[in-house]
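Visitor: Structure here, sequence nowhere to be found:
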């Protein structure tokens, strides 16, 4: 090997401070960091999916409350189909137009359909804000993963 080529090879194995680079160790570190970020991104995806399900359920509840509001004073003794689980409905008779609205775990208060709808819309706004924040975090993590992958490629190819 010529002296100039040997010097160039030594320069590639040194960082900008003149320290010898352990490429294999650095590559392992980059791979570990990328995997950890990928796991974090997957956890955020799961949170977004769960929040989206809650969001859709709240939207359906608002539609149901709108239907209840349209009954006017003709709600008494009106027969409705009430969902009791996935794909299961039961026939029920309304005695009151008001609904029971959960304010904390297992604590409910009676509200008009209109007031319940307003509370649900406030909750939807909070969920939407949280989902936007999570999507922003996910995007930032994706950018970090991309940068780590590029750096890993450079290390793997000895650049």
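Guide: All right, it came through fine. Predicted model only: the values in this text are computed from it and were never measured.

Visitor: I'd like the average pLDDT over the host helix or strand of residue 128.
Guide: Using DSSP states H and E, residue 128 sits in helix 113-156. The average pLDDT for helix 113-156 rounds to 95.

Visitor: by contact count, what packs against that helix?
Guide: If you count contacts as 3 or more C-beta pairs under 8 Å, 6 or more residues apart in numbering; DSSP states H and E, helix 113-156 packs onto helix 23-69, strand 99-104. Glycine gets a C-beta too; all of them are placed from N, C-alpha and C.

Visitor: Give the buried residues for the helix or strand that comes right after the longest one.
Guide: It stands for helix 23-69. Next along the chain after helix 23-69, taking DSSP H and E as the criterion, comes strand 79-85. Residues of strand 79-85 include none that count as buried (16 or more other C-beta atoms under 10 Å).

Visitor: and if you look at stretch 47-64?
Guide: For stretch 47-64, by 16+ other C-beta under 10 Å, it's 48, 51, 55, 58, 62, 64.

Visitor: Of these, which is the nearest to residue 95?
Guide: Checking the buried residues of stretch 47-64 against residue 95 with C-beta to C-beta, the nearest one is residue 64 at 17.0 Å.

Visitor: How much space separates that closest one from residue 80?
Guide: 9 Å (C-beta to C-beta, to the nearest Å).
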